[in-house]
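Colleague: Provide a 3D model corresponding to the input given below.
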Amino acid sequence: MRKKNVFVAVKHFERGPFAKVLEAFRVRYERIGETAGTIYTAPLSHEELVALADFMDMSVYALELQRKISLKNFEEKLQVKYPGVKLEQLLRVYFGKKTVPLLDEK
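Modeller: Just a heads-up that it's a prediction; the model follows:
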């Protein structure tokens, strides 16, 4: 069931304007090596902010006030909506390759 949920989640993100958000998550994950840290929401368009706020079950205004989103909070919401799916799994399938933390490349 979990594997199916990953593909369902990927389809959801492919339909919406999540490319910048997921790319920022991928870069952050590869730099840190774990689901930690935050990304800034300032570079996102209004459409992207609306989609992200909707996914996170918060208002666009609240998201704009925060000015950033935690990878951990995103993963928690992801697991509520798609049980068993971790952010790393979503990124791996979405981008079609295994995400490897830069720490492991040395």
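Colleague: what about the closest residue to Ala42 other than its chain neighbours, how many neighbours?
Modeller: Excluding its sequence neighbours, the residue lying closest to Ala42 (Cβ to Cβ, 6 or more residues apart in numbering) is Arg67, at 6.3 Å. Where you see a C-beta, it was placed from the backbone N, CA and C, and this is true even at glycine. Here the number of neighbours of Arg67 (other Cβ atoms under 10 Å) works out to 10.
Colleague: my guess is Arg67 meets Tyr40, correct?
Modeller: Yes. Between Arg67 and Tyr40 a contact is recorded at 6.3 Å, counting by Cβ atoms under 8 Å.
Colleague: could you say which helix or strand holds the residue lying closest to Phe7 once chain neighbours are set aside?
Modeller: Leaving aside its sequence neighbours, Phe7 sits nearest to Val93 (Cβ to Cβ, 6+ apart; 6.8 Å). According to DSSP states H and E, Val93 maps onto helix 87-95.
Colleague: so what does that helix touch, helix or strand wise?
Modeller: helix 2-15, helix 19-32, helix 71-81 (3 or more Cβ pairs under 8 Å, 6 or more residues apart in numbering; DSSP states H and E).
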